[in-house]
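# Provide a 3D model corresponding to the input given below.
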Amino acid sequence: MLTARRESLPLHSGSDLQDAWRRVCRRLRAELGEEVFNSWFGRLELEAIETGLAHLSVPTRFLKSWIQAHYADRLRRALADEFADVTGVALTLRSSARAAAPRPALRIAETEPARVDRPRTIAEAVQPPTLAPAPAREAPREFQSDALGGSPLDRRMTFANFLVGRSNQLAHAAAQRVATHQPGQPLLYNPLYIHASVGLGKTHLVQAVAHAAADSGRRVTYLTAEKFMYGFVAALKAQNTIAFKEKLRAIDVLVIDDAQFLQGKSIQHEFGHTLNALIDAGRQVVVAADRAPADLESLEERVRSRLAGGLCVDMTALDEPLRVKILESRIAAARIIQNDFTASSAVVAYVARAIQTNGRDLDGAVNRLLAHATLSGEPLTVETAEAAIRDLVRTREPRKVRIEDIQKLVATHYSVSRADILSSRRTANVVRPRQIAMYLAKVLTLRSLPEIGRRFGGRDHTTVLHAVRKIEGLSATDTGLSEELELLKRMLTD
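Below you'll find the predicted structure:
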């Protein structure tokens, strides 16, 4: 390992340049570890050093943005230790780096800060800063939006902008593994199924996969459930469903968002066939929804089973440290728009404790704090913050009740099995618990009678209606049954 700073060389010799670059790589590998170096620096190449600027190239935009966001300053320091006159770094895509002279896309300088365009909104400011004027954005590779009615990707939703905490760490790691898959390697998580409630970042994560996979040269299609349905119906009307299927199954990565909205028997059949065709052909499928596959009652059993056959990852509610990180990120972005906007650690801690719902409410809280600070002119304290976000602070929402939970609780309470409740047995000790479970499913969930019937062994909706009316009539006259029902309701909702 080098201990002395080397003087800058003219570097007219290609061998001298590469020897020096190998020493820099050894230094980075020793500092960062073998795994990190291989993941992010293994395909980085030094092209030239001109007037104090080190020109390097990478094969993908994803690597370029990741190095820019996480390792730019460390890379500049490592190069400066080897070359005395290096004060900045320029990163370019390799395809363009070898076709023409390197064009600075990333500039890191110690002496003169580069121009940063002022964002117009907090959402724009959340992006990693562009430290030099970037070249015109290239069209995404192989998104096939026109042919398939693909959904547009938000350029802000990348891995570089995704904040990681205990609640989403596993999902983030799995998504990165899928996004950085190398040709010839086996697909470990296929399909990758990510589910979470509203505002917890599942759309951000699957769009980050789409961005990164496209940057690596893979053919990617990102579709919301609505766009998939629209595309299939449009193909039916135009009588070109074969072309629709061929285009969809010729891709490398299919990303489906909001799968809970897939409706219609023929559409579900086509979606199931598409899943089977892509997975069997070794193509990657990534799906996001607001619940686990088993809870997607509107989907056919075959589709739910196929989705459950891969890796299913739950993104849980944002933990407090992650809420603090999100707030600090949004406040820093707001400060770019309003230079004098500040929020003390006490205010951030209060908001993080008060708002436990989702990231969108945290965004709303920062907007309210910014408005209060800029419009009222009063200092931002915990008391003023409490007043500013009062409408966002919600009482604890009642627990979401699932039909499976009802069936399990009723079966335990009446000493029968869940299989008995779902069976066709008509003995008295099974019929009454079954009717009570159907009644509770109607009262405590938003499921329709046909959906409830299907979840109770494929029964007709009239059977469910009869059970509901039966239990309502009995509970009106039987005090003991009425008390049992209230007890079961409390146990399910508390």
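# Following element in sequence after the helix or strand where Val36 lies, please.
Using DSSP states H and E, Val36 sits within helix 34-40. Per DSSP H and E, the first helix or strand lying C-terminal to helix 34-40 is strand 45-50.
# what packs against the next helix or strand after that following strand?
Using DSSP H and E, the helix or strand that follows strand 45-50 in sequence is strand 53-58. Helices and strands touching strand 53-58, by 3 or more Cβ pairs under 8 Å, 6 or more residues apart in numbering; DSSP states H and E, are strand 45-50, helix 72-82, strand 88-93, helix 94-97. Heads up, the C-betas are built off the backbone N, CA and C, glycines and all.
# Apply 10 Å and report the result again.
helix 14-32, strand 45-50, helix 61-70, helix 72-82, strand 88-93, helix 94-97 (3 or more Cβ pairs under 10 Å, 6 or more residues apart in numbering; DSSP states H and E).
# what about it, average pLDDT?
Here strand 53-58 scores 86 as its mean pLDDT.
# And for stretch 385-404?
75.
# May I see the buried residues of that stretch?
385, 388-389, 392, 401-403 (16 or more other Cβ atoms under 10 Å).
# ok, so of those residues, who is nearest Asp295?
Arg402 (6.4 Å; Cβ to Cβ).
# isn't the closest one right next to Leu446, touching?
No. Arg402 lies out of contact with Leu446 (Cβ atoms under 10 Å); the separation is 11.4 Å.
# returning to that earlier point: helices and strands around the helix holding Val36, which ones?
Counting by 3+ Cβ pairs under 10 Å, 6+ apart, the packing neighbours recorded for helix 34-40 are helix 14-32, helix 61-70.
# Where do the domain boundaries of the chain fall?
14-111, 148-315, 320-392, 403-493 (automatic domain parsing).
# ok, and which of the ones you listed has the densest surroundings?
Among those, ranked by average contacts under mean count of other Cβ atoms under 10 Å, first place goes to domain 148-315 (a mean of 19).
# From Met438, how far out is His466?
With distances defined as Cβ to Cβ, to the nearest Å, the gap from His466 to Met438 amounts to 9 Å.
# follow-up on the earlier one: CSV for the buried residues of stretch 385-404, including distance to Gln18 and secondary structure?
Converted to CSV, the buried residues of stretch 385-404 look like this (distance: Cβ to Cβ, whole Å; DSSP: H, G, I helix; E, B strand; the rest coil):
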residue, distance to Gln18, secondary structure
Ala385, 56, helix
Ala388, 58, helix
Ile389, 56, coil
Leu392, 56, helix
Val401, 65, coil
Arg402, 61, coil
Ile403, 65, helix
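# Please identify which of those residues is nearest to Thr203.
Distances from Thr203 to these, taken by Cβ to Cβ, are shortest for Leu392, at 20.8 Å.
# Report the contact partners of the closest one.
351, 354-355, 357, 360-362, 364-365, 368 (Cβ atoms under 10 Å, 6 or more residues apart in numbering).
# For Leu188, state which of those residues is nearest.
Arg360 (31.7 Å).
# Next, format the buried residues of stretch 385-404 as a markdown table and append distance to Val285.
Putting the buried residues of stretch 385-404 into a markdown table (distance: Cβ to Cβ, whole Å) gives the following:
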| residue | distance to Val285 |
| --- | --- |
| Ala385 | 44 |
| Ala388 | 43 |
| Ile389 | 40 |
| Leu392 | 36 |
| Val401 | 30 |
| Arg402 | 25 |
| Ile403 | 27 |
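# so which of the residues you listed comes closest to Arg218?
Once Cβ to Cβ is applied, the member of these that ends up nearest Arg218 is Arg402, at 36.7 Å.
# Give me the distance between the closest one and Ile452.
Taken as Cβ to Cβ, the span from Arg402 to Ile452 is 12 Å.
# Tell me which helix or strand the residue nearest the centre of the chain sits in.
For the chain, the residue sitting closest to the mean C-alpha position, by Cα atoms, centre = their mean, is Leu205 at 2.1 Å. Taking DSSP H and E as the definition, one finds Leu205 inside helix 202-215.
# Which neighbouring elements make contact with that helix?
helix 61-70, helix 169-179, strand 192-196, strand 220-224, strand 253-257, strand 284-289, strand 311-315.
# Using TSV, please lay out those together with distance to Arg418 and mean pLDDT.
Formatted as TSV, the helices and strands packed on helix 202-215 follow (distance: least, Cβ to Cβ, whole Å; pLDDT from 0 to 100):
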stretch	distance to Arg418	mean pLDDT
helix 61-70	46	73
helix 169-179	29	91
strand 192-196	23	92
strand 220-224	35	87
strand 253-257	31	90
strand 284-289	24	91
strand 311-315	21	91
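# Tabulate the ones you listed in TSV, adding columns for distance to Arg432.
Converted to TSV, the helices and strands packed on helix 202-215 look like this (distance: least, Cβ to Cβ, whole Å):
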stretch	distance to Arg432
helix 61-70	59
helix 169-179	42
strand 192-196	35
strand 220-224	44
strand 253-257	42
strand 284-289	35
strand 311-315	35
